[in-house]
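Novice: Here is a sequence with its predicted model. Questions after.
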Amino acid sequence: VSPPATLLKAKLNLFYVIFSGASIEWPENSLSKLYTCDDYSSEPAFPYLNLLLKYDAAGFLSMLNEVFEDSFLNEENGSLDEKDLDMDSYSMKINRQYIVDILLDAMKSNRDSRQNGLIAIFITRNIPKYPQFIKLSGHTIDGLVSVICNCNDSSLRNDAQRSLESLFTYYRPMKPDHLITFVKECGFDRVLFSLYRKTQQYSKFLELRIKSDELSKSCPLSSLEAVELSLRDTASQPLERKLIIGVIENNFERLIENHVQECVRLFNTFAPDLHKSILDIDNEYLQKQYLDELIRLEGTYRAINKEMGYLYFELLCKQNDQLTLNHCLQKIDINNFDIQRISMSLKSHENFEGNIIIFTRLRKFSLAMNEVVKALGISLNESFDSIKVDKYVQLGIEICDNVKLDKEQLHECCTKFLVSLIANYGKLEQP
């Protein structure tokens, strides 16, 4: 529409009609008013605004949302002078605050909860978009939040949450605990998540993120990102940090599942004591994967404590990771562990090679040779396995070589080894 004066005058005329506080003459100067009710005495204030709201509140407010984006509403209406507009009685200068105030008044006399919900959603969505132009008291804003929460219209649920999420990026409620209870009862998990973060209730914030099905589908912040945020922001809040640790411990398996590497690094940075929680889960595959990653990250077996170590040896045996088990038994500080306990665990899994390593490190060569003899007997008699036979024969030779300086043990070991080889000579010749 051109020229600009014509466009602006059209806007002013339109606003005059929509936001008129009383019925207007129509046609102009006809002395006949345009009523919206058959009973003139029942005509409400702002009749045309109320008529549009009753006819199609959602459509009208959607249109109004587009109007709010017009810079025409920024100040008291633009840069053109009234003389340029040929102003008449059917023109009205307004701004966003004026429109919001009228809508708030309309809500007071309206008993339609859905319509009031739509108005409240419209206003709360626009407060953070135009904070310099819309000024409302905390009491009024809390009232709008209450209206939204009390609107039991499932079709508005998503819009209601979006508006409140937007609002709480800008506004801190006057009574957050009361409001949180209210929002929680409504099941608005996205809004509750935002409020917990806003009020620094990080343990509840984290627990909600972990357990909420809605947040798992729609939240831009992953569970691990929520864990990191919670741990980082509570470094100087010991009581809240303790609560957060409790939440992580109670949901440890859920958190590390599919994210073992990330969790190990995260806990190692912010709360290394959390590593011990690996002892309390039932998934042995996850346990081993977690301990593998922790050892790899730290580059040493000292990364795991004693109980974690016993679990690790057990898991390596159960999952037949002999290569890693051998390396671990060769590198651990045997003075930090109950060697008898480890040996009994290895024995229960018939892990002769592991016990051979332990006894050799303890220089108990005779006991190590006993394991070689047992292993050879099983490998030759129960199920012939030439690879295992060759391995244990080689280990027997190495034991005899290592024991050279101890003549008494040398004689005992060599005797046991030779007797075993002679006794099984015929079986050793099998193809």
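Specialist: Here it is on my side, so go on. Numbers count the residues shown, from 1 in each chain.
Novice: Low-confidence regions, the stretch 251-400 of the chain specifically.
Specialist: Across the stretch 251-400 of the chain, the ranges flagged by pLDDT under 70 are 382-384.
Novice: Show me which helix runs longest in this protein.
Specialist: helix 47-68 (DSSP state H).
Novice: Going by neighbour count, which residues in it are buried?
Specialist: Buried residues in helix 47-68, defined by neighbour count with 16 or more other Cβ atoms under 10 Å: 47-50, 52-53, 57-58, 60-61, 64, 67-68. Where you see a C-beta, it was placed from the backbone N, CA and C, and this is true even at glycine.
Novice: Where do the helices of the stretch 101-250 of the chain begin and end?
Specialist: 113-126, 138-150, 157-168, 176-186, 189-198, 202-211, 213-218, 223-233, 238-250 (DSSP state H, counting those that start in this stretch).
Novice: could those go into a markdown table alongside mean neighbour count and distance to H327?
Specialist: A markdown table is the format used below for the helices of the stretch 101-250 of the chain (neighbours: other Cβ atoms under 10 Å; distance: least, Cβ to Cβ, whole Å):
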| stretch | mean neighbour count | distance to H327 |
| --- | --- | --- |
| helix 113-126 | 22 | 60 |
| helix 138-150 | 18 | 59 |
| helix 157-168 | 20 | 51 |
| helix 176-186 | 17 | 51 |
| helix 189-198 | 22 | 44 |
| helix 202-211 | 22 | 36 |
| helix 213-218 | 13 | 39 |
| helix 223-233 | 19 | 30 |
| helix 238-250 | 17 | 30 |
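Novice: Could you work out which of those helices reaches nearest to E257?
Specialist: Proximity to E257 (Cβ to Cβ) singles out helix 223-233 among the helices of the stretch 101-250 of the chain, at 10.3 Å.
Novice: ok, now which ones touch L395?
Specialist: E353, I356, V372 (Cβ atoms under 8 Å, 6 or more residues apart in numbering).
Novice: Mind giving me the PyMOL select for those, buried ones only?
Specialist: In PyMOL, this line selects whichever of the contacts of L395 come out buried by 16+ other Cβ under 10 Å:
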select buried, resi 353+356+372
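Novice: quick check, nearest of the contacts of L395 to I94?
Specialist: Among those, and counting by Cβ to Cβ, the member closest to I94 is E353, at 86.8 Å.
Novice: sorry, back to before: can you pull the alpha-carbon coordinates of the longest helix of the chain into PDB?
Specialist: As requested, the backbone C-alpha atoms of helix 47-68 are provided in PDB (Å, rounded to 0.1, in the frame of the first residue of the first chain):
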ATOM      1  CA  PRO A  47     -17.000  -4.900  22.000                       C
ATOM      2  CA  TYR A  48     -15.200  -5.600  18.700                       C
ATOM      3  CA  LEU A  49     -12.200  -7.100  20.400                       C
ATOM      4  CA  ASN A  50     -14.500  -9.300  22.500                       C
ATOM      5  CA  LEU A  51     -16.500 -10.300  19.400                       C
ATOM      6  CA  LEU A  52     -13.300 -11.400  17.500                       C
ATOM      7  CA  LEU A  53     -12.100 -13.300  20.600                       C
ATOM      8  CA  LYS A  54     -15.500 -15.200  20.800                       C
ATOM      9  CA  TYR A  55     -15.600 -15.800  17.100                       C
ATOM     10  CA  ASP A  56     -12.100 -17.200  16.700                       C
ATOM     11  CA  ALA A  57      -9.700 -16.400  19.500                       C
ATOM     12  CA  ALA A  58      -6.900 -18.500  18.200                       C
ATOM     13  CA  GLY A  59      -7.100 -16.900  14.700                       C
ATOM     14  CA  PHE A  60      -7.400 -13.400  16.100                       C
ATOM     15  CA  LEU A  61      -4.400 -13.800  18.500                       C
ATOM     16  CA  SER A  62      -2.300 -15.400  15.700                       C
ATOM     17  CA  MET A  63      -3.000 -12.300  13.600                       C
ATOM     18  CA  LEU A  64      -2.200 -10.100  16.500                       C
ATOM     19  CA  ASN A  65       1.100 -11.900  17.000                       C
ATOM     20  CA  GLU A  66       2.000 -10.800  13.400                       C
ATOM     21  CA  VAL A  67       0.900  -7.300  14.200                       C
ATOM     22  CA  PHE A  68       3.200  -7.200  17.200                       C
END
